[in-house]
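[1] okay, sequence plus prediction incoming.
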Amino acid sequence: MSESPILVEVWRGALAESVHRGAYVVVDADGRTVEARDDPERAVFARSAIKPLQALPLVESGAADAFGLSPAELAISCASHGGEPRHVATVAAWLARMGLGEGDLECGAHMPSSAAAAEALLRAGDKPGALHNNCS
């Protein structure tokens, strides 16, 4: 598989600081390709990159307002997290306001991806739960 084309270059004076490769497809309302860079049929695994798009219905439906989402809660709905205490507390508070708890999450448990948070959890003798999952 060949590399995707360079879509963005960031320059600092006369030096290219970074380049970013990618691919995209723009379709019309009927699903016809209007413009594409790279192979529009290539399989992609977007994973967390599309979380902000997945959060759009939360905002557009009025659910974010109805449940009084804080800026931190809205931010965590748009991203993965490292299982740090503030992330765990943010998710737990959001669930509690909806009358839910950690047991209602279906993402499973894993150690925090934040090394400091994982070490603190182990030192405390605690086990990771679903709230530590980067997708909780």
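    That came through fine. Numbering: from 1, shown residues only.
[2] got the buried residues for stretch 112-128?
    Neighbour-count burial for stretch 112-128, with 16 or more other C-beta atoms under 10 Å as criterion, is recorded at 112, 114, 117-118, 121, 128. For the C-beta atoms, the positions are set from N, CA and C on the backbone; glycine is no exception.
[3] okay, those residues in JSON lines with pLDDT next?
    Supplementary listing: these in JSON lines, determined by pLDDT from 0 to 100:
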{"residue": "112", "pLDDT": "95"}
{"residue": "114", "pLDDT": "91"}
{"residue": "117", "pLDDT": "93"}
{"residue": "118", "pLDDT": "94"}
{"residue": "121", "pLDDT": "95"}
{"residue": "128", "pLDDT": "95"}
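[4] what's the offset of stretch 36-49 from the middle of its chain?
    17 Å (C-alpha atoms, centre = their mean, to the nearest Å).
[5] what's the end-to-end length of that stretch?
    Chord length of stretch 36-49, first to last residue, is 19 Å (C-alpha to C-alpha, to the nearest Å).
[6] can you give me the buried ones in it?
    By neighbour count, with 16+ other C-beta under 10 Å as the criterion, the buried positions of stretch 36-49 are residue 38.
[7] distance of the most centrally placed residue in the chain from residue 55?
    If you average the C-alpha coordinates of the chain and look for the closest C-alpha using C-alpha atoms, centre = their mean, you land on residue 79, 2.5 Å from that point. Counting by C-beta to C-beta, to the nearest Å, the gap from residue 79 to residue 55 is 9 Å.
[8] again, but for residue 96
    According to C-beta to C-beta, residue 96 and residue 55 sit 20 Å apart.
[9] try residue 100
    Computed with C-beta to C-beta, the distance linking residue 100 and residue 55 is 18 Å.
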